[in-house]
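Enquirer: Requesting a structural model of the entry that follows:
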Amino acid sequence: MGDGGAEPRPCDFYAATPAPTTTLPPPTPPTPAPPSAPKAKRWTVLGAVVALIVVAAVIRVQAMHHGGAFSWGDASGSTTMRAFGGAPPAKETANPQRLLPAVTTTPSAGGYTFDATDNGRPVRWDPCRPIHYVVSGTEPFAGANQLLTQTLDEAGAASGLQFADDGRTTEPAMANRASYQPDRYGQRWAPVLIAWTDEGAVPQLADNVIGLGGAAAASVHGTPRLVSGIVYFDAPELSLIALRPDGYASMRTVMLHEVGHLLGLGHVQVPSEVMYPSNAGQGEYGPGDRAGLAIAGSAPCSRWG
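Expert: Numbering: from 1, shown residues only. Modelled structure (predicted):
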């Protein structure tokens, strides 16, 4: 994967309704504005597609702009991000086996793209190991954690990748998150951090951004793999969306979209697909999304962890 490349900035717009952008308050129990009141942000998801490239003992945040180039940015001029850390010791696993059966789909007119590529090939998770994740922050609305679990279950079924819930964490959401934190998680890759947070903790959630998602890539014995990642949500914004008649479908689409980025998917230009860069309340992965997710989960097993 190399040790060069630009550092990441959020890159993809996921807009619903254009509106003026200002700053939201921190995630204290929010006082919802009535539906007719002016909106602080337009309901936009920014999939901050993060790739943490491990080189020797250093983890550097690399950008995976849609199309596979190692640079990314957005019109809001978000700041760059840099992670730090090391790499866990490699462990050999004898006769690795898939945890879930591979998913087969047929080609779709919806299409798919991958944010993370190496020589034109998608960089993917190891299907022989679960994708561990932890959750931090206060649930932004009743049922948010359940909706998140349902979203992960759907993405796992569509990709043939298994998620493993490691419970709650006190790790704060931050832009510069290391993918190896032995003092907190032991000598393994840090689990994916899913956080209910706000723009005070993560400046990339300012203005028109309500979500960031992406994976961390490392070279494991010469083979690029996705090994960790982040999914951050602007909790005050989600609490307001929850009040809308179409709030459930909108938030479900937001979550499916960001988890799609976590599994490596990029944007497509078909409005009916969840990975389309505008929230139309799709609510379900489309045929193009599912074709891409099947490929995302079809990497060969690695005997190295």
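Enquirer: so which helix or strand takes in Ala164?
Expert: Ala164 is part of strand 163-168, with elements assigned from DSSP states H and E.
Enquirer: And for Val192, the neighbour number?
Expert: 27 (other Cβ atoms under 10 Å). Every residue, glycine included, has its C-beta placed from N, CA and C.
Enquirer: now swap in the one 4 residues further on and tell me
Expert: For Trp196, the neighbour count with other Cβ under 10 Å is 23.
Enquirer: Spatially nearest residue to it (excluding sequence neighbours)?
Expert: If you skip the residues right next to it in sequence, Trp196 has Gly137 as its closest partner in space, 3.3 Å away by Cβ to Cβ, 6 or more residues apart in numbering.
Enquirer: Going along the chain, name the helices of the stretch 201-305 of the chain.
Expert: Under the criterion DSSP state H, counting those that start in this stretch, the stretch 201-305 of the chain contains helices at 235-241, 247-262, 287-296.
Enquirer: Which strands or helices does the longest one pack on?
Expert: This means helix 247-262. With contacts taken as 3 or more Cβ pairs under 8 Å, 6 or more residues apart in numbering; DSSP states H and E, helix 247-262 sits against helix 144-159, strand 211-220, strand 223-234, helix 235-241, helix 287-296.
Enquirer: In it, which residues are buried?
Expert: 247, 249-262 (16 or more other Cβ atoms under 10 Å).
Enquirer: So for it, mean pLDDT?
Expert: Mean pLDDT, computed over helix 247-262, is 92.
Enquirer: gap between it and the chain center?
Expert: Mean-position distance between helix 247-262 and its chain equals 10 Å (Cα atoms, centre = their mean, to the nearest Å).
Enquirer: could you list every residue that touches Pro89?
Expert: Taking Cβ atoms under 8 Å, 6 or more residues apart in numbering as the definition of contact, the neighbours of Pro89 are Gln187.
Enquirer: What of Ser159?
Expert: With the criterion set at Cβ under 8 Å, 6+ apart, Ser159 makes contact with 103, 263, 293-294, 296-297.
Enquirer: same deal with Tyr133?
Expert: Applying Cβ under 8 Å, 6+ apart as the definition, the contact partners of Tyr133 turn out to be 152, 163-166, 191-194.
Enquirer: how many neighbours does Gln97 have?
Expert: What Gln97 shows, counting by other Cβ under 10 Å, is a neighbour count of 8.
Enquirer: Excluding chain neighbours, give the residue nearest to it in space.
Expert: Using Cβ to Cβ, 6+ apart and skipping residues adjacent in sequence, the residue nearest Gln97 is Cys128, 6.1 Å away.
Enquirer: before we move on, back to that, nearest to Pro96 among the contacts of Tyr133?
Expert: Distances from the contacts of Tyr133 to Pro96 were compared by Cβ to Cβ; the smallest belongs to Ala164, at 16.0 Å.
Enquirer: which residues pair with the closest one across the strands?
Expert: His132 (DSSP bridges).
Enquirer: Alpha carbons only: can I get stretch 174-185 in CSV?
Expert: Extracted as CSV, the C-alpha positions of stretch 174-185 are listed here (Å, rounded to 0.1, in the frame of the first residue of the first chain):
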residue,chain,number,x,y,z
MET,A,174,-11.7,12.0,17.7
ALA,A,175,-10.5,12.7,14.2
ASN,A,176,-7.0,11.3,14.9
ARG,A,177,-7.9,7.9,16.0
ALA,A,178,-5.2,5.2,16.2
SER,A,179,-5.9,1.7,14.8
TYR,A,180,-3.7,0.1,17.4
GLN,A,181,-4.3,0.9,21.1
PRO,A,182,-2.7,-1.9,23.2
ASP,A,183,-3.3,-0.1,26.5
ARG,A,184,-7.0,0.0,25.9
TYR,A,185,-7.8,-3.0,23.7
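Enquirer: all strands for this protein, in order.
Expert: If DSSP state E is used as the criterion, the strands of the chain fall at 50-55, 58-63, 117-118, 121-122, 131-136, 163-168, 192-197, 211-220, 223-234.
Enquirer: and the angle from the fifth one to helix 247-262?
Expert: Going back to what we said before, that points to strand 131-136. Between the axes of strand 131-136 and helix 247-262, defined by axes from the mean of the first three to the mean of the last three Cα atoms, to 10 degrees, the angle is 130 degrees.
Enquirer: What's the local residue count around Glu92?
Expert: Once other Cβ under 10 Å is used to define contacts, Glu92 is seen to have 10 neighbours.
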